[in-house]
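Novice: below is the sequence, then the predicted model.
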Amino acid sequence: MAAPPFWGLRIFENVDLNSIIPLINWKMYFSAWDLRPAQYTEAHKNLESDSRVLLKEIVDKSLLRAAAVVGFFEVQRAGDSLSVLNEAGGEVLKLHFLRQQKPDENGNFLSMADFFNPKEKDFIGLFACTAGLGVSETQKKFVEKNDDYSSIILGLLADRLAEALAEKLHRDILGGIGIRAAPGYPASPDHTEKATIWKLLEPEKNIGLSLTENYAMSPVASECGYFAANPKSRYFKLGKIGEDQLADYASRKGMAVEELRKWL
């Protein structure tokens, strides 16, 4: 088993926003405004100019705060699930994944579990991060001044800053090796797996990031997920799964099929 950068948790309470601004995905930002990212028109230029002015204000006045918690844990793969182990080698919790039931372009039926060693112990990285601490209070002030435009810009910038922070963590801690995946996204669509991440990282206690009963993160401008450090790991789309796999997955998770179906 290769060693992770560290074992256990590391907390980043006040991440310098200037360090993540260069990693903002402006194409995704423009898409949120229904501006085609393939073009760069006058509308793009004006929006970016206004947004960069507000970005400077965000930094200068500390309107937003970014924070993260990252953990690396020893795991043992069993099928399409991972047993998270304690220092004594005992199982603490399980992480569960689904598998493609239609082959990809290379004829593979992929699962996130494939990126972990099935024969010996391995490790997984987990992260939860936010760039939305303070966003609600600041948006409220803008609305009170009848400045809805700035309020909207602020919220969408916070979203992109959270994504940029996740990218920074991936680059700084793992050198960008492997992939960064998240519950609710194409390779791992089950939102309920966030609950396991919360048990292991305790983001609410450590950085003030909470998880609602509907598995939404609060503040909204936040991300959580997995670091798979296997250099052969890659992004993929799970696609539709059959009732047979859904039943097996529900059994592995100890949940009712119909309850689980609504989260996929």
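Specialist: In hand now; what should we look at?
Novice: kindly format the C-alpha coordinates of the longest strand anywhere in the chain as PDB.
Specialist: Assignment by DSSP state E gives strand 65-78 as the longest strand of the chain. Extracted in PDB, the C-alpha atoms of strand 65-78 (Å, rounded to 0.1, in the frame of the first residue of the first chain):
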ATOM      1  CA  ARG A  65     -14.400  33.000   4.500                       C
ATOM      2  CA  ALA A  66     -13.100  29.800   3.100                       C
ATOM      3  CA  ALA A  67     -12.300  26.700   5.100                       C
ATOM      4  CA  ALA A  68     -11.800  22.900   4.600                       C
ATOM      5  CA  VAL A  69     -11.200  19.700   6.300                       C
ATOM      6  CA  VAL A  70      -9.400  16.800   4.600                       C
ATOM      7  CA  GLY A  71      -8.800  13.300   5.900                       C
ATOM      8  CA  PHE A  72      -7.000  10.200   4.800                       C
ATOM      9  CA  PHE A  73      -8.100   6.800   6.000                       C
ATOM     10  CA  GLU A  74      -7.000   3.200   5.600                       C
ATOM     11  CA  VAL A  75      -9.500   1.100   3.700                       C
ATOM     12  CA  GLN A  76     -10.100  -2.500   2.600                       C
ATOM     13  CA  ARG A  77     -12.000  -3.100  -0.600                       C
ATOM     14  CA  ALA A  78     -14.700  -5.700  -0.700                       C
END
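Novice: which residues sit against whichever helix or strand comes after it?
Specialist: Next along the chain after strand 65-78, taking DSSP states H and E as the criterion, comes strand 81-85. Strand 81-85 is contacted from outside by 73-77, 91-97, 113, 116, 121, 124, 200, 252, using C-beta atoms under 8 Å, 6 or more residues apart in numbering. Heads up, the C-betas are built off the backbone N, CA and C, glycines and all.
Novice: relative to strand 81-85, what are the paired strands and their orientations?
Specialist: Sheet pairing of strand 81-85 (DSSP bridges) gives strand 65-78 (antiparallel), strand 91-96 (antiparallel).
Novice: mind checking which of those strands is nearest Trp7?
Specialist: strand 65-78 (5.6 Å; C-beta to C-beta).
Novice: buried stuff in that closest one?
Specialist: 65-77 (16 or more other C-beta atoms under 10 Å).
Novice: ok, those residues vs Lys27, which is closest?
Specialist: For those, the nearest to Lys27 is Ala66 (21.0 Å; C-beta to C-beta).
Novice: burial of Asp159, as a residue count?
Specialist: 23 (other C-beta atoms under 10 Å).
Novice: same check, this time on Ile124
Specialist: Ile124 has 22 nearby residues by other C-beta under 10 Å.
Novice: hang on, it packs against Gln76?
Specialist: No: in this structure Ile124 lies outside contact range of Gln76 using C-beta atoms under 8 Å: 10.6 Å.
Novice: spit out the contact partners of Leu110.
Specialist: Taking C-beta under 8 Å, 6+ apart as the test, what Leu110 contacts is 99-100, 104, 187, 236.
Novice: next, it: phi, psi?
Specialist: Main-chain torsions, Leu110, degrees, to the nearest 10: phi -90, psi 150.
Novice: CA atoms only: put stretch 173-189 into CSV for me.
Specialist: Coordinates of each C-alpha in stretch 173-189 appear next as CSV, following Å, rounded to 0.1, in the frame of the first residue of the first chain:
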residue,chain,number,x,y,z
ILE,A,173,-2.1,17.7,-1.1
LEU,A,174,-1.9,15.1,-3.9
GLY,A,175,-0.2,17.0,-6.7
GLY,A,176,-3.3,16.7,-8.8
ILE,A,177,-2.8,12.9,-9.0
GLY,A,178,-5.9,10.8,-9.4
ILE,A,179,-9.5,12.2,-9.3
ARG,A,180,-11.8,14.2,-7.1
ALA,A,181,-15.3,12.8,-7.1
ALA,A,182,-18.4,13.7,-5.1
PRO,A,183,-21.6,12.1,-4.0
GLY,A,184,-24.4,13.2,-6.3
TYR,A,185,-22.1,13.6,-9.3
PRO,A,186,-22.0,11.3,-12.4
ALA,A,187,-19.6,8.6,-11.1
SER,A,188,-21.2,8.4,-7.6
PRO,A,189,-24.8,9.7,-7.7
